[in-house]
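A.B. asks: 3D, please:
(one chain, ligands or ions: 2)
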Amino acid sequence: MNQPGRVIIDNHGRPIEYMRLAVTDRCNLRCFYCMPEEGIKYLPKKALLTYEEMERLVDITSKMGVSKIRITGGEPFVRKDLIDFLGKLRENERIKKINITTNGVLTKQYLPRLHELDIKDINLSIDTLDRARFHHITRRDELPKVMDTLYAMLDMGFRVKINAVIMEGKNTEDILELAAFTKEHPVEIRFIEEMPFNGEGANYPKLTWNFKKIYTELESQYPDITRLTAEPASTAVRYKIPGHAGSLGIIAAFSRTFCGSCNRIRLTAQGTLKTCLYDDGVLDLKALMRSGADDSAVEAALLKAFKSRPRDGFEAEKNRTTLKNVSESMSTIGG
Ligand code: SAM
Ligand code: SF4
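C.D. replies: Ligands and ions are numbered 1, 2, ... in the order given. Down below sits the predicted model:
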């Protein structure tokens, strides 16, 4: 079944090449746009996929054409033995790229090992460079540790993208401060529209700061900002301020402007397949595997799901069955 060069094309002509793997739903921060202050009800350990189950799914999907994995969560580094798992994933030669999204609080100690494993593309979530605002947004006073991780990553030659969710009344003043940070630092700052995945049920945020407004703010300060090319399936529209070492990106995560080229699937920490961020889960892979299904049965179920993807995030949201309103925490989905 290992067909070299195989890639599955979905029912809308998009290749499936990229899997985002949430290795845990647990987190050491409490970002208010992701989960309530008291946290979310964490899944019992047996409800999470084991590393062996994740490895098996990476193996199966890589034979179907997935060549890039992003490790996310929850906070990936709160799961025990993550580095050993990454070492195992590295043995899969069909996986060409392994990237990680992390909040950076525990990450610094693992950097030498990540470097050795050639995992050098890391997205760090930093919504603000101001310690008090960081504390307010994440409900933890951890900015110094995160910045320490960031500078260590830059010293060691990691390629760093910084994710900043832009929220009315919380950190809009940081748009220009973060853009200024790229003058001396070779990082890509990606401004992300806030999405409704805050684990709060009905609290659906009204989006004031959409991609257009974020761009207008940047252009007001930097009128000579120029557009860069981005990878074909990129979610970010990329920009450069002339003379700056780093670059900028804007991700229209709520406006959903990039669905036409979406090559991504997601595996939640409890082993549910999502073929769109906005769906409520289309296949229970954990149940299927634990019922004794062999690899070809798992592959057949995946293939069926890949061939019935929604056209875009709006259709996926409309099709939701179990949780009608988008209300789950990003921490369980894998942002
Ligand atoms: N804990 C890690 C971190 O924060 O980087 C990885 C998981 S986190 C869910 C992944 C990304 O999703 C983060 O960059 C975070 O800012 C983003 N995110 C979480 N909730 C979001 C929301 N409601 N809207 C937009 N982005 C969100
Ligand atoms: Fe944790 Fe990341 Fe969610 Fe913040 S965004 S609470 S760091 S999972």
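A.B. asks: what does the stretch 151-300 of the chain have sitting close to ligand 1?
C.D. replies: By C-beta under 6 Å from any ligand atom, the part of the stretch 151-300 of the chain that sits against ligand 1 consists of 163, 165, 192, 194-195, 197-198, 253. Where C-beta positions appear, they are placed from N, C-alpha and C, glycine not excepted.
A.B. asks: where does pLDDT dip in this protein?
C.D. replies: Counting by pLDDT under 70, the chain contains low-confidence residues at 1-4, 200-205, 323-327, 333-335.
A.B. asks: on that earlier part again, now the two most distant members of the residues of the stretch 151-300 of the chain next to ligand 1.
C.D. replies: Of all pairs drawn from those, the greatest distance, 15.7 Å, lies between 163 and 198 (C-beta to C-beta).
A.B. asks: and the closest residue to residue 308 other than its chain neighbours, how close does it get to residue 48?
C.D. replies: Residue nearest to residue 308 in three dimensions, not counting chain neighbours: residue 11, with 6.0 Å by C-beta to C-beta, 6 or more residues apart in numbering. Applying C-beta to C-beta, to the nearest Å, the value for residue 11 to residue 48 is 30 Å.
A.B. asks: what do you get for residue 276?
C.D. replies: Per C-beta to C-beta, residue 276 is found 22 Å from residue 48.
A.B. asks: cool, residue 56 as well?
C.D. replies: For residue 56, the distance to residue 48 equals 14 Å [C-beta to C-beta].
A.B. asks: more neighbours: those two, which one.
C.D. replies: residue 48 (23 against 16; other C-beta atoms under 10 Å).
A.B. asks: how about the more buried one: what's its closest non-neighbour residue?
C.D. replies: Closest residue to residue 48 apart from its sequence neighbours, by C-beta to C-beta, 6+ apart: residue 269 at 5.3 Å.
A.B. asks: and for residue 148?
C.D. replies: In space, residue 148 comes closest to residue 108 once its chain neighbours are excluded; the distance is 6.0 Å by C-beta to C-beta, 6+ apart.
A.B. asks: ok, now residue 47?
C.D. replies: Going by C-beta to C-beta, 6+ apart, residue 47 has residue 270 as its nearest residue, at 5.3 Å.
A.B. asks: wasn't the one you found part of a strand?
C.D. replies: No. Assignment of residue 270 by DSSP: H, G, I helix; E, B strand; the rest coil gives coil, placing it outside any strand.
A.B. asks: what segments of the stretch 151-300 of the chain are strands?
C.D. replies: 159-166, 188-193, 226-227, 236-240, 247-251, 264-267, 272-274, 283-284 (DSSP state E, counting those that start in this stretch).
A.B. asks: could I get the CA-only coordinates of the fifth one as CSV?
C.D. replies: Extracted as CSV, the C-alpha positions of strand 247-251 are listed here (Å, rounded to 0.1, in the frame of the first residue of the first chain):
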residue,chain,number,x,y,z
SER,A,247,8.4,39.9,8.1
LEU,A,248,4.7,40.0,8.8
GLY,A,249,1.7,37.8,8.1
ILE,A,250,-2.0,38.2,8.5
ILE,A,251,-4.2,35.1,9.0
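A.B. asks: can you list contacts of it?
C.D. replies: 161, 179, 182, 188-193, 211, 214-215, 218, 225, 228, 230, 235-241 (C-beta atoms under 8 Å, 6 or more residues apart in numbering).
A.B. asks: listing partners with orientation, what would you give for it?
C.D. replies: strand 188-193 (parallel), strand 236-240 (antiparallel) (DSSP bridges).
A.B. asks: out of these, which is the most enclosed?
C.D. replies: Of all those, strand 188-193 has the most neighbours on average by mean count of other C-beta atoms under 10 Å, namely a mean of 24.
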